[in-house]
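In: Structure, please.
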Amino acid sequence: MMTLAVIAGCATELNGPQKAELQWYRNKGMAIEEKDASTAAWLGILPGGGSFYTRNYGIGVVNLLCWPFSVLWDPASGYNGAEMLNYTSTVSVVEKKRNAELRDLDAKLGAGVITKEEYFKQKAACEKRYTPDL
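Out: You can find the predicted model right below:
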């Protein structure tokens with residue numbers, strides 16, 4: 001059971017490119033902070049707290065059952081879970097904004113409000129605004 005808890009107890013950590021991407025969004029003021037990673041880590045001291053806070057309910061139950069041993073991994077699991085939630089939320093929101101802006105440009109081009117040259121110029125600016133330059 002302890003092996004299961006250790007394997008299941010750690011939320012997936014962001015990989016290097018994801019960390020860099022999230023930091024880029026944070027620097028640009030576009031990041032969505034759905035859960036506070038520090039709070040998630042601190043709650044990991046409580047039985048399953050970090051996992052429950054980051055909506056990893058199954059892992060939270062395992063950590064609850066393995067308490068007090070789960071305090072060895074749940075703070076890191078909570079932190080990683082919060083960062084993963086923040087990353088996925090950010091990517092989703094940014095993608096929706098980007099797509100809405102591109103649809104608006106397509107509509108303007110189709111209606112003849114802007115020229116093809118202006119369309120391509122604005123489209124390139126939109127892509128640059130929403131695409132991390134890592």
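
In: Next up, the contacts around residue 13.
Out: 80, 83-84 (C-beta atoms under 8 Å, 6 or more residues apart in numbering). Glycine gets a C-beta too; all of them are placed from N, C-alpha and C.

In: go again using 10 Å as the cut-off
Out: 19, 76-77, 79-81, 83-84 (C-beta atoms under 10 Å, 6 or more residues apart in numbering).

In: Export these as CSV, with columns for distance to residue 90, secondary structure and pLDDT.
Out: Listed next are those as CSV, based on distance: C-beta to C-beta, whole Å; DSSP: H, G, I helix; E, B strand; the rest coil; pLDDT from 0 to 100:
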residue, distance to residue 90, secondary structure, pLDDT
19, 12, helix, 94
76, 21, helix, 88
77, 20, helix, 89
79, 16, helix, 93
80, 15, helix, 91
81, 15, helix, 90
83, 10, helix, 95
84, 11, helix, 94
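
In: filter the residues you listed to the buried ones?
Out: 76-77, 79-81, 83-84 (16 or more other C-beta atoms under 10 Å).

In: Distance to residue 120 for the residues you listed - can I get that in CSV?
Out: Putting those into CSV (distance: C-beta to C-beta, whole Å) gives the following:
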residue, distance to residue 120
76, 46
77, 46
79, 43
80, 41
81, 41
83, 36
84, 36
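
In: In stretch 85-101, which residues are buried?
Out: Across stretch 85-101, burial judged by 16+ other C-beta under 10 Å covers 85-87, 90-91, 94, 101.

In: next one: stretch 14-30
Out: For stretch 14-30, using 16+ other C-beta under 10 Å, the buried residues are 14, 18, 21-22, 24-25.

In: can I get the CA coordinates of that stretch in PDB?
Out: The C-alpha trace of stretch 14-30 is given here as PDB (Å, rounded to 0.1, in the frame of the first residue of the first chain):
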ATOM      1  CA  LEU A  14       5.200  20.300 -15.300                       C
ATOM      2  CA  ASN A  15       8.000  19.500 -17.600                       C
ATOM      3  CA  GLY A  16      10.700  22.100 -18.500                       C
ATOM      4  CA  PRO A  17       9.000  23.600 -21.600                       C
ATOM      5  CA  GLN A  18       5.600  23.800 -19.700                       C
ATOM      6  CA  LYS A  19       7.300  25.600 -16.800                       C
ATOM      7  CA  ALA A  20       8.900  28.000 -19.200                       C
ATOM      8  CA  GLU A  21       5.600  28.600 -21.000                       C
ATOM      9  CA  LEU A  22       3.800  29.200 -17.800                       C
ATOM     10  CA  GLN A  23       6.500  31.700 -16.700                       C
ATOM     11  CA  TRP A  24       6.200  33.500 -20.000                       C
ATOM     12  CA  TYR A  25       2.400  33.800 -19.600                       C
ATOM     13  CA  ARG A  26       3.000  35.100 -16.000                       C
ATOM     14  CA  ASN A  27       5.500  37.700 -17.300                       C
ATOM     15  CA  LYS A  28       3.000  38.800 -19.900                       C
ATOM     16  CA  GLY A  29       0.200  39.000 -17.300                       C
ATOM     17  CA  MET A  30      -1.900  36.300 -19.100                       C
END
